[in-house]
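*Asks:* pasting the sequence and the predicted coordinates here, then a few questions.
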Amino acid sequence: MKETVNANIGGEAFILDEDACRAMRDYLDDIRSRLSEEDAETRDDIERAVAEILRERVASSMRVVTLDIVRAAIARMGAPEEFGARREASPHDATAPGTTAQEPVKHRLYRSRSDRSIAGICGGIAEFFDLDPTLVRFLTLLLILFGGLSIWVYAILWIIVPDQPVRRNDIRTDTKR
């Protein structure tokens, strides 16, 4: 028995088995490593084309995409080498292992999407300053109760501080057992 994975490819939802998901992720990551950072439109077009091929091969949304179907889609799209040479990791690429960024990473204050009790303000502040969210919530409560911070300040921060952006992965997965 294999586990299945829900994946979003090119804006369409698919159910893939684990091997198919791994192969598709590796293929799209390889292509991504060959395109420039500014070439997001081409990456999106490639993903949509892969999704269209998968949709042709999988008639029902309840049918699982297998490794054979993914291999056929990859063969139809072409090898990653056809999309150009792999680009070297730039010093500005914070995700590349072994590279040092010449510019410090800019931190922005956001309301946390994952660690929120009311509005995500305390979770966002904790994430911004790399603190424990419970400690920030406790300090905020003490400041509100003892007059150091008004509830209005919290409400204004709720309005002004933007929600944390959704991190868009080209393949978003949720493992189902």
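*Replies:* Arrived safely. Residues are numbered from 1 along each chain as shown.
*Asks:* what sits against the closest residue to A73 other than its chain neighbours?
*Replies:* Excluding the flanking residues, the one nearest A73 by Cβ to Cβ, 6 or more residues apart in numbering is I53, at 4.4 Å. Yep, even glycine has a C-beta here, placed from its N, CA and C like the rest. By Cβ atoms under 8 Å, 6 or more residues apart in numbering, the contact set of I53 is A72, A73, R76, M77.
*Asks:* am I right that I53 is in a helix?
*Replies:* Yes: under DSSP: H, G, I helix; E, B strand; the rest coil, I53 falls within a helix.
*Asks:* still on that earlier bit, select only the buried ones of the contacts of I53 in PyMOL?
*Replies:* Selection of buried members from the contacts of I53 for PyMOL, criterion 16 or more other Cβ atoms under 10 Å:
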select buried, resi 73+77
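*Asks:* on that earlier part again, distance-wise, check the residue nearest to A73 relative to Y154.
*Replies:* Taking Cβ to Cβ, to the nearest Å as the measure, I53 falls 50 Å from Y154.
*Asks:* next one: phi and psi at the closest residue to D19 other than its chain neighbours?
*Replies:* Once flanking residues are discounted, D19 sits nearest to L67: 4.4 Å by Cβ to Cβ, 6+ apart. Backbone geometry at L67, expressed as degrees, to the nearest 10, gives phi -60, psi -40.
*Asks:* what about the helices in this protein?
*Replies:* Secondary structure of the chain (DSSP state H): helices located at 18-32, 40-57, 67-77, 121-129, 133-145, 151-160.
*Asks:* which one of those is the most hemmed in?
*Replies:* By mean neighbour count, with neighbours taken as mean count of other Cβ atoms under 10 Å, helix 121-129 ranks first of these at a mean of 20.
*Asks:* follow-up on the earlier one: list the contacts for the residue nearest to D19?
*Replies:* D17, D19, A20, A23.
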